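Enquirer: The amino acid sequence is not available; the structure is as follows:
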């Protein structure tokens, strides 16, 4: 889950023209980007991935040649199994990474897009330029863009979509705080003027706040969707399936699969059973269950990159977490290496920024595993005779981590009661109403440090110095300055023990043989299906 429950941009603010050459860092992604460029904008080939709610997924895409119109539209179906599912389809107002996974780039397209490493790519805008003072961004739109209902996509739709985000305070609206105005200079040109430089603007416009909607549409956004991507929503059954079909109005090459079915699975064991039964095409596998599928000759197992941060959230608004010593004690009490071993692999984390994101630094020296120090701090805080705490967690995460935490915290005198509950309940009570002491969440979004600068977020962390540093970072004149300011802010958050960052997972994906072009890099936060196909 992400803060929906993004990252520093790769834009070039020191030149008058920003390159939109979508060359990526790894070869497979480069091939995919080259195909997109030949198609003018993001291409429309498609694939299916089965993803666990917590699984960020690594880079693995087939080196398929660009398809021609004569062979680009086979009537194949790919089944996507999700362990975290959209509550509804209203991506403007509803939290949850599953909405980004399933809808962005597939159904709804942002003004610009991004690859899993944060490089900005063309989308609705085929190119853009940035003024010398980095205050004016001019976007040239694809002249033949249209929505799935047949309405043309014009600059007026872009202007309306972006201004509505701030006017109605839609999800992540704070990401547009630097924007002074958005106007259309003609039917295919959008001009964004900033109040001050913003090194995060393009990255943010590649996410929810940059999505382009049809201002004339009157559909119910909770159950239907009208976008400009290679797919359209044909059916949504909450708690069961979300079905996409090829969008005949899409401006690029037709998607290479006719239908994508996202299907909800109850837990990791159910996903493994589906792989063994051969009823899914791609599945994110719990590393602890890898042995159960590694001999299945019908699938390839792939591992790779994820930006996920499994976070032990403290409710900083309520006692005993208003006491720094209690928060510190919990951090000292956790053996992160043991957690990584228990979950079957990954990397230990020591702060709010993962290694692949701007602002990362090794903060492991702040709170090394030290149960004796934890007991001392608890005693100093008045809990020498013990402390009872409750942890609320969505049930789909399983019990591996919570069982280990219960054991580790017991060793320092903390009795942990775990309440596993339906995600809808967690979303309402914990995320929205902040009714909790401890929780565990997979924050799947890359470059989501802004949550720590938002005292209204469910963490309840309110540090004015952090907020000031983050504000300075978002107006930095260079990428280096941006990263440096984030480093300073992240160190303060970690020193404050505002939470504990348990681990960064290394996902394992089972990909059915014959399925190619599947994006598997950080797909727990974004699952772009434009370049996949099924070979018969």
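Expert: Nice, thanks for sending it over. A quick note: this is a predicted structure, and the numbers were derived from the prediction, not measured. Residues are numbered from 1 along each chain as shown.

Enquirer: just the strands in the stretch 51-200 of the chain please.
Expert: Per DSSP state E, counting those that start in this stretch, the stretch 51-200 of the chain carries strands over the ranges 77-82, 112-114, 120-122, 125-130, 136-141, 179-186, 189-194.

Enquirer: Single out the most deeply packed of these.
Expert: Among these, strand 112-114 has the highest mean neighbour count (mean count of other Cβ atoms under 10 Å), at a mean of 27. Every C-beta, even on glycine, is put in place using the N, C-alpha and C of the backbone.

Enquirer: Sketch out the low-pLDDT regions of the stretch 1-150 of the chain for me.
Expert: Residues of the stretch 1-150 of the chain that meet the criterion pLDDT under 70 lie in 1-74.

Enquirer: Now do the same for residue 420: helix, strand or coil?
Expert: strand (DSSP: H, G, I helix; E, B strand; the rest coil).

Enquirer: What is the neighbour count of it?
Expert: Here the neighbour count serves as a burial measure; for residue 420 (other Cβ atoms under 10 Å) it reads 15.

Enquirer: residue contacts, it?
Expert: When the contact criterion is Cβ atoms under 8 Å, 6 or more residues apart in numbering, the partners of residue 420 are 393, 394, 395, 397, 399, 402.

Enquirer: Could you do residue 179 as well?
Expert: Residue 179 is in contact with 162, 166, 192, 193, 194, 195, 198, 201, counting by Cβ under 8 Å, 6+ apart.

Enquirer: Kindly report the same for residue 276.
Expert: Going by Cβ under 8 Å, 6+ apart, residue 276 touches 292, 293, 296.

Enquirer: Pull out the buried residues from whichever helix or strand it is part of.
Expert: Residue 276 is located in helix 268-277, with elements delineated by DSSP states H and E. Within helix 268-277, the residues scored as buried using 16 or more other Cβ atoms under 10 Å are 268, 271, 272, 274, 275.

Enquirer: Save those residues as TSV, and put in distance to residue 357 and pLDDT too.
Expert: Putting the buried residues of helix 268-277 into TSV (distance: Cβ to Cβ, whole Å; pLDDT from 0 to 100) gives the following:
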residue	distance to residue 357	pLDDT
268	26	87
271	28	92
272	31	93
274	32	95
275	31	93
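
Enquirer: would CSV of those with distance to residue 369 be doable?
Expert: Formatted as CSV, the buried residues of helix 268-277 follow (distance: Cβ to Cβ, whole Å):
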residue, distance to residue 369
268, 27
271, 32
272, 32
274, 37
275, 35
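
Enquirer: Mind telling me what element residue 364 is part of?
Expert: Taking DSSP H and E as the criterion, residue 364 maps to no regular element, lying outside all helices and strands.

Enquirer: residues touching it, list them.
Expert: Listed by Cβ under 8 Å, 6+ apart, the contact set of residue 364 reads 348, 350.

Enquirer: what separates it from residue 308, distance-wise?
Expert: 18 Å (Cβ to Cβ, to the nearest Å).

Enquirer: coming back round to it: just how off-centre is the helix holding residue 276 within its chain?
Expert: Going by Cα atoms, centre = their mean, to the nearest Å, the spacing between the C-alpha centre of helix 268-277 and its chain's C-alpha centre is 24 Å.

Enquirer: Check which element follows that helix along the chain.
Expert: For helix 268-277, the following helix or strand on the C-terminal side (DSSP H and E) is strand 282-285.

Enquirer: by contact count, what packs against that following strand?
Expert: Identification of packing neighbours for strand 282-285 by 3 or more Cβ pairs under 8 Å, 6 or more residues apart in numbering; DSSP states H and E yields strand 77-82, helix 268-277, strand 508-512.

Enquirer: what number of residues lie near residue 237?
Expert: 12.

Enquirer: and if you look at residue 379?
Expert: Each residue near residue 379 was counted by other Cβ under 10 Å, and the total is 14.

Enquirer: next SSE after the helix or strand hosting it?
Expert: Element membership for residue 379 (DSSP H and E) is helix 371-380. Following the chain from helix 371-380 toward its C-terminal end, the next helix or strand by DSSP H and E is strand 387-394.

Enquirer: can you list contacts of the next helix or strand after that following strand?
Expert: The element immediately downstream of strand 387-394 (helix or strand, assigned by DSSP H and E) is helix 400-410. With contacts defined as Cβ under 8 Å, 6+ apart, helix 400-410 is touched by 288, 310, 312, 330, 333-335, 338-339, 342-343, 389, 391, 393, 415-416, 418, 420, 440, 502.
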